[in-house]
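**Q** need a 3D model of the sequence below.
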Amino acid sequence: MPPQRRRGLRNFAPAATAATLDLATPLSRSAPLLDLASNDYLGLSRHPEVVSAAQAAAASQGLGAGASRLVSGSRPVHGELEAALAAWLGREQVLLFPSGFQANLAAVGALADRHSLVLADRLIHHSLLTGVRASGARLQRFAHNDLAQLDSQLQAARRRAPGQRLLVLSESLFSMQGTSVDVAVLTAICAKHGAALLLDEAHALGVLGPGGRGLGHNQPEIALISGTFGKAFGGGGAFLAGDALVGDWLLQSSGAFRYTTALAPPLAAGALAALALIQAEPRSEALLQRAARWRACLEAAGWPRPPGAGPILPLLVGDDHRALELQQRLEAAGLLSVAIRPPTVPEGTARLRLVLRHDLPAGTLERLLTALGSPACS
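**A** Numbering: from 1, shown residues only. Model (predicted):
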């Protein structure tokens, strides 16, 4: 493996909330880095109400659940969170999982088997691809967000095997590209050909769609929606949302759900508090407005305009070495943004993945442009 592709672990100790960092203060070697890398889009991971809810659950229920949901691991907070999410998303049933990776494994396994054909966006998350391999289904890819190609492939699949089970996999906000699919068109194409649709909304929930409900909201034809609490909810864990039939099938047959320790009660309590805040204090509109300004300023400064409209802004560089050099330059300027390289992204598309958050202090964009050697944005 070439040295520019090797990965290593770095430990980061949170020093202060982003809003308290003074960007006018000269940097020192011990100065904290301003985080432009994490997925805490709404700044809820350290919100007092979220932290307090998690602490109270830990004090009253313990740190872990101690068993799977079907043994003795179910707690009232699990049912409360599942019911609240189902009502918020307009879905009949929600099941919680310890991680998004695990939820996606379960989702694919519930909707496909070795007799199925799975059609997947070329840039879907690795967890979904792992789920396809575990299911034994045949995999066919379509170009990123190319719904005309998907339509053609589904039509051909139906001609070849009219009764075959078909499953389509896509995401509502792609984590390394910042792009979104036209969910309404995607759903219509799947319905036309009788294909089930699994939509990963991990990065969209809390940020995109009406009230932050994701781009799949009000699309009942979607078989399953996958969501996580490790992004806009500021915590950890995940869930699947669907109709009662699919939910019961998961409960009865999914090893990924049945044979794992239940989501830790403090994480469930924190997610429930975060959901209440998302509903009561909408933060996504200001975040998306800020993202639009950042995109316009980066483009005006000579960078390729980051695609999409959400808080993920990939700064395409191309070369691995160049991406790593820019990462180091930003760190010297007090900004943390990680160079994303293959195989996470396609060859020749190394990038800096810039992530906006609700609590970034004023002046962050100006510091970023200065560190990049780009002109200020008027």
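**Q** which residues in the stretch 51-200 of the chain form helices?
**A** Ranges of helices in the stretch 51-200 of the chain, per DSSP state H, counting those that start in this stretch, are 76-89, 100-111, 126-135, 147-160, 183-192.
**Q** tabulate those helices (a markdown table), appending distance to Ala371, mean neighbour count and mean pLDDT.
**A** For every residue, glycine as well, the C-beta is placed using N, CA and C. As requested, those are exported to a markdown table (distance: least, CB to CB, whole Å; neighbours: other CB atoms under 10 Å; pLDDT from 0 to 100):
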| stretch | distance to Ala371 | mean neighbour count | mean pLDDT |
| --- | --- | --- | --- |
| helix 76-89 | 39 | 18 | 98 |
| helix 100-111 | 31 | 25 | 97 |
| helix 126-135 | 31 | 18 | 97 |
| helix 147-160 | 38 | 16 | 98 |
| helix 183-192 | 36 | 18 | 98 |
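**Q** what's the closest of those to Tyr41?
**A** Shortest distance between Tyr41 and those, using CB to CB, is found for helix 100-111: 14.9 Å.
**Q** elements contacting the closest one?
**A** When contacts are defined as 3 or more CB pairs under 8 Å, 6 or more residues apart in numbering; DSSP states H and E, helix 100-111 sits against helix 126-135, strand 166-171, strand 196-200, strand 224-228, strand 238-242, helix 244-253, helix 255-258.
**Q** doesn't Ala103 make contact with Thr130?
**A** No - using CB atoms under 8 Å, Thr130 makes no contact with Ala103, being 12.0 Å away.
**Q** ok, back up a step: and the helices and strands packed on helix 100-111: which comes nearest Arg293?
**A** It is, among the helices and strands packed on helix 100-111 and with distance given as CB to CB, strand 166-171, at 24.7 Å.
**Q** gap between that closest one and the chain center?
**A** Distance of strand 166-171 from the chain centroid (CA atoms, centre = their mean, to the nearest Å) equals 16 Å.
**Q** which strands and helices sit next to it?
**A** Here strand 166-171 touches helix 100-111, strand 117-121, helix 147-160, helix 183-192, strand 196-200, going by 3+ CB pairs under 8 Å, 6+ apart.
**Q** dump it to CSV, keeping only the CA atoms.
**A** This file holds the C-alpha atoms of strand 166-171, laid out as CSV (Å, rounded to 0.1, in the frame of the first residue of the first chain):
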residue,chain,number,x,y,z
LEU,A,166,-36.0,-6.5,-7.2
LEU,A,167,-34.4,-4.2,-4.7
VAL,A,168,-33.0,-0.7,-5.3
LEU,A,169,-30.5,0.9,-2.9
SER,A,170,-29.8,4.6,-2.7
GLU,A,171,-29.1,7.4,-0.3
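**Q** partners of it, with directions?
**A** Sheet pairing for strand 166-171, assigned by DSSP bridges, gives strand 117-121 (parallel), strand 196-200 (parallel).
**Q** so the chain: which segments form each domain?
**A** Listed by automatic domain parsing, the domain ranges of the chain are 26-43+283-371, 48-280.
**Q** just name the most buried of those domains.
**A** Counting by mean count of other CB atoms under 10 Å, domain 48-280 has the highest mean neighbour count of these, with a mean of 20.
**Q** ends of it, how far apart?
**A** End-to-end distance of domain 48-280 (CA to CA, to the nearest Å): 15 Å.
**Q** ok, which of the helices of the stretch 51-200 of the chain comes nearest Ala332?
**A** That would be helix 126-135 among the helices of the stretch 51-200 of the chain, by CB to CB, at 31.4 Å.
**Q** which one is Ser253 nearest to, not counting chain neighbours?
**A** Computed as CB to CB, 6 or more residues apart in numbering, the closest residue to Ser253 that is not its neighbour in sequence is Ala110, at 7.2 Å.
**Q** same thing with Leu275?
**A** Ala84 (5.7 Å).
**Q** distance check, that neighbour against Arg160.
**A** For Ala84, the distance to Arg160 equals 43 Å [CB to CB, to the nearest Å].
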